[in-house]
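# For reference, the sequence and a predicted model appear below.
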Amino acid sequence: MSRDLFASAALAQIPKLLTLLDRNPHSPTFGCFDRNFWQYKIIDFPSGMSQEFVWPLALVHSLDLPNNPYYQQESIRNWVEAGILYAAKSAHRDGSCDDYFPFERAGGAAAFSLLACIEAYRLLGLDNPAALAFFELRANWLAHHNESGQLTNHQALIVLCLELLGDLLQTQQWAAAREERLERVLAWQNPEGWFQEYEGCDPGYHSLTISCLARIYDLRSDPRVKVALTKAVRLAAEFVHPDGSYGGEYGSRNTYNFFPHGFERVGRWLPEALQVNDGFLTSLANDCGPCYADDHIVGHHSWNYLLAWQDFVAARPPRTPRPQGRVWLPEAKLLIDRRGSTELYMALNKGGGV
């Protein structure tokens, strides 16, 4: 299966990202990716999540992808730096940002956009003290902020942010907070392998947590993380459907999200992880993949697909059929029944009964 399917799917979203960006250097909102705010003015604050879009732009600038018209384009580099600086400009004084509501101070939006800004900054080799000061301010806020819901992917994003920024700034100031958050991630993994997302198991965001933990494991060879990843990947393999699609309404957050990057990284030492991605690539090849083109989270999958292309493992194990019969996850209250070419996924966690 060609890794270029990841690249082409991500590249198809770049024109949309550019239309969402205020590219006018004379505008007071230069670098803002929330067009509802800067052009249409139907909201009176910008969504901080939108600034995550700097990362896919930095990746298409840096990666020599097939049919990539953005490679090494100076304008892309300038717009990425403007996006990072607008993330700083639009943040609250404590470094936090809003997402859906004014003064929301959303942990997920702050973590997603900080990770993107750090990675884009590193990728392009920028040198901007104002950006670095903003990174430190937001990291301090994230290190001490606790949201009300249990969303393991947010905790894993924060761990990765603190790890990468500590390395960038050559500081250990977030070491204790990073370890505390990592312990929380590991504690929120159910013995069945899934990570808590609000009230249960959501395969989509489960794959994002795998992506974050895979990066963390590569940065620090923590055996606890390797054990967690092994259980998580083996569980994720259960949610790849016969047509290659993944997840759905039976998860706790009803998502069809799929983040492939972590499976490529884990696949270097656990080859069965690569079979998960090979199944999903089938859905991309057959145009069965879900559409992520809404303005709010189109960036999530763009950068993750590009990283999966970058770190694609060339040697793939042969795909093996999964055993027939039932898989019952009593803690998640999910039932999978495989009979020939038919698979049934039942969410008994949503009011159903046996």
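Okay, I see it.
# residues touching the closest residue to residue 211 other than its chain neighbours, list them.
Distance criterion C-beta to C-beta, 6 or more residues apart in numbering; nearest residue to residue 211, sequence neighbours excluded, is residue 262 at 3.6 Å. To be clear about C-beta, it is placed using only N, CA and C from the backbone, and glycine gets the same treatment. Each residue near residue 262 by C-beta atoms under 8 Å, 6 or more residues apart in numbering is listed here: 207, 210, 211, 212, 213, 214, 215, 229, 233, 273.
# which SSE is residue 262 in?
In this structure, residue 262 is located in helix 261-266 according to DSSP states H and E.
# Pull the distance from the next helix-or-strand element following that helix to the chain's centre.
Where DSSP H and E defines the elements, the next helix or strand beyond helix 261-266 is helix 272-285. With C-alpha atoms, centre = their mean, to the nearest Å as the basis, helix 272-285 stands 17 Å off its chain's centre.
# CA atoms of helix 272-285 as PDB?
Extracted C-alpha coordinates of helix 272-285, given in PDB (Å, rounded to 0.1, in the frame of the first residue of the first chain):
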ATOM      1  CA  GLU A 272       1.500  -5.600  14.000                       C
ATOM      2  CA  ALA A 273       0.900  -1.900  14.400                       C
ATOM      3  CA  LEU A 274       1.600  -1.400  10.700                       C
ATOM      4  CA  GLN A 275      -1.300  -3.700   9.800                       C
ATOM      5  CA  VAL A 276      -3.700  -1.100  11.400                       C
ATOM      6  CA  ASN A 277      -2.400   1.600   9.000                       C
ATOM      7  CA  ASP A 278      -2.500  -0.800   6.100                       C
ATOM      8  CA  GLY A 279      -6.100  -1.400   6.800                       C
ATOM      9  CA  PHE A 280      -6.800   2.300   6.900                       C
ATOM     10  CA  LEU A 281      -4.800   3.000   3.700                       C
ATOM     11  CA  THR A 282      -7.300   0.600   2.000                       C
ATOM     12  CA  SER A 283     -10.100   3.000   2.900                       C
ATOM     13  CA  LEU A 284      -8.100   6.000   1.400                       C
ATOM     14  CA  ALA A 285      -7.400   4.000  -1.700                       C
END
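# so what does that helix touch, helix or strand wise?
helix 4-11, helix 223-236, helix 261-266 (3 or more C-beta pairs under 8 Å, 6 or more residues apart in numbering; DSSP states H and E).
# For the shortest one, buried residues please.
Counting neighbours by 16 or more other C-beta atoms under 10 Å, one finds that the buried residues in helix 261-266 are 261, 262, 263, 264, 265, 266.
# quick one on the thing from earlier: go through the contacts of residue 262 and name the one nearest residue 113.
Distance ranking of those against residue 113, using C-beta to C-beta, places residue 212 first at 14.8 Å.
# about what we covered before: make TSV from the helices and strands packed on helix 272-285 and add distance to residue 139 and mean pLDDT to it.
Below are these laid out as TSV (distance: least, C-beta to C-beta, whole Å; pLDDT from 0 to 100):
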stretch	distance to residue 139	mean pLDDT
helix 4-11	27	96
helix 223-236	21	98
helix 261-266	22	98
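# looking at the ones you listed, which is buried most?
Stretch with highest mean neighbour count among the helices and strands packed on helix 272-285: helix 261-266 (a mean of 26; mean count of other C-beta atoms under 10 Å).
# mind saving the C-alpha coords of that helix as CSV?
Extracted in CSV, the C-alpha atoms of helix 261-266 (Å, rounded to 0.1, in the frame of the first residue of the first chain):
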residue,chain,number,x,y,z
HIS,A,261,1.4,8.5,12.8
GLY,A,262,1.7,6.7,16.0
PHE,A,263,1.2,3.3,14.3
GLU,A,264,4.2,4.0,12.0
ARG,A,265,6.4,4.8,15.0
VAL,A,266,5.3,1.9,17.1
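# what does the model give residue 319 for pLDDT?
Per-residue confidence for residue 319 comes out at a pLDDT of 83.
# what about this structure, any weak spots by pLDDT?
Residue ranges of the chain with pLDDT under 70: 1, 293, 351-354.
# quick one: which two of the buried residues of helix 261-266 are the most distant?
The span of these, defined through C-beta to C-beta, is set by 261 and 266 at 9.7 Å.
# Name the residues contacting each of the two.
Common contacts of residue 261 and residue 266 (C-beta under 8 Å, 6+ apart): residue 214.
# could you pull out the strands for the stretch 151-300 of the chain?
For the stretch 151-300 of the chain, the strands defined by DSSP state E, counting those that start in this stretch occupy 196-197, 200-201.
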